[in-house]
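Student: got a sequence here, can you model it:
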Amino acid sequence: MKIAIYGYGNLGRGVELAIRQNDDMELFGIFTRRNPDTVKTLTEGVGVYSSDDIEKYKDDIDVLIICGGSATDLPEMTPALARHFNVIDSFDTHAHIPEHFADVDAAAKKAGKIGIISCGWDPGMFSLN
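Tutor: A predicted model of the protein is given here:
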């Protein structure tokens with residue numbers, strides 16, 4: 001399964017390490033809003049791409065794991081990206097999960113994609129620390 005990471009902060013690096021431990025997953029690449037030339041990955045040889053170019057790769061990626069923040073990033077990113085990719089996010093603003101679900105569900109259904117939200121990190125890496 002070809003996995004791509006969208007966002008390369010603490011969560012993105014954690015996802016990268018998890019992918020490396022699963023033989024049935026391949027890290028296709030990392031998409032970032034930063035200058036891709038400035039991003040150093042933990043996995044040698046993995047491609048780093050501008051988030052602006054992500055739609056060019058919609059036929060190359062099986063699952064896109066979105067590693068943005070719940071407050072402002074994911075409410076915009078996940079529905080937009082679910083129009084082109086099977087997506088997973090870690091949205092954890094509990095009061096807004098029904099609204100986020102509805103937005104992602106509508107976008108994914110229209111595109112014939114799958115959207116999985118609010119999974120993986122709750123109660124959060126920072127809470128665990």
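
Student: can you tell me the closest non-neighbouring residue to residue 110?
Tutor: Distances taken as Cβ to Cβ, 6 or more residues apart in numbering put residue 83 closest to residue 110, at 7.2 Å, once the chain neighbours are dropped. (Glycine included, C-beta is placed from N, CA and C.)

Student: please name the residues that touch that neighbour.
Tutor: 107-108, 110-111, 113 (Cβ atoms under 8 Å, 6 or more residues apart in numbering).

Student: quickly find the element holding it.
Tutor: Under DSSP states H and E, no helix or strand contains residue 83.

Student: I'd like the distance between it and residue 104.
Tutor: 10 Å (Cβ to Cβ, to the nearest Å).

Student: then residue 68?
Tutor: 13 Å.

Student: same deal with residue 39?
Tutor: 26 Å.

Student: just residue 15 next, same as before
Tutor: Relative to residue 104, and taking Cβ to Cβ, residue 15 is found at 18 Å.

Student: now residue 46
Tutor: Taken as Cβ to Cβ, the span from residue 46 to residue 104 is 26 Å.

Student: which one of these two has more residues nearby?
Tutor: Counted by other Cβ atoms under 10 Å, residue 46 and residue 104 do not tie: residue 104 has more neighbours, with 27 against 17.

Student: what's the nearest residue to that one if we skip its chain neighbours?
Tutor: residue 115 (4.1 Å).

Student: look at that neighbour and say how many residues are nearby.
Tutor: Residue 115: 25 neighbours (other Cβ under 10 Å).

Student: please verify my assumption that it contacts residue 82.
Tutor: Yes: if you go by Cβ atoms under 8 Å, residue 115 and residue 82 touch, sitting 4.5 Å apart.
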